[in-house]
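# this one's sequence-less:
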C-alpha cells in the first residue's frame, strides 16, 4: 500500500429549479474548513494534454454586484502575486498589479 498523503477540497452547490446556484458551500478538512458558505467560486484547472485551462465560475443569485467587483479585484491581485511566484517574472507581475490598481480606480474601490 502506498504511503501518499491525500488532501481533498469539496464544493457543494444547491441549485434552484432553473439550475441557478442558490447556496455554495465548501470544505477543506486539512485547512480546518467544514461546509463554509461562499457567495462565489472561481476555479481554474490546467489540462496539460490539451494545453488549455478549464474553468468553473459560479455565484449565488444573491451575490451583491458591489461584492462581486471586490471579489474580482482581489482575485486579480492574487493572480498577479501567484504569477510572480510561479514564473519569477517580476516585470509582468508589476504590469499586472498596475492593471489591478487601474481596475480598482475605475470601479471606485480605492478609498
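Received, thanks. This is a predicted model, so every value here is computed, not measured. Numbers count the residues shown, from 1 in each chain.
# please make it C-alpha for all contacts and neighbour counts, starting now.
Will do.
# any idea of the mean pLDDT in the longest helix seen in the chain?
Criterion DSSP state H: the longest helix present in the chain is helix 65-87. Across helix 65-87, pLDDT averages out at 97.
# packing partners of that helix?
When contacts are defined as 3 or more C-alpha pairs under 8 Å, 6 or more residues apart in numbering; DSSP states H and E, helix 65-87 sits against helix 90-106.
# what comes up buried for the helix it packs on?
The neighbour-count check on helix 90-106 (16 or more other C-alpha atoms under 10 Å) flags 93, 96, 97, 99, 100, 101, 103, 104 as buried.
# rebuild those as TSV, extending it with pLDDT.
Output for the buried residues of helix 90-106, formatted as TSV (pLDDT from 0 to 100):
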residue	pLDDT
93	98
96	98
97	97
99	98
100	97
101	97
103	97
104	97
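# can I get these in a markdown table including distance to residue 77?
Formatted as a markdown table, those follow (distance: C-alpha to C-alpha, whole Å):
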| residue | distance to residue 77 |
| --- | --- |
| 93 | 10 |
| 96 | 8 |
| 97 | 6 |
| 99 | 9 |
| 100 | 6 |
| 101 | 9 |
| 103 | 10 |
| 104 | 10 |
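# name all residues that make contact with residue 5.
By C-alpha atoms under 8 Å, 6 or more residues apart in numbering, the contact set of residue 5 is empty.
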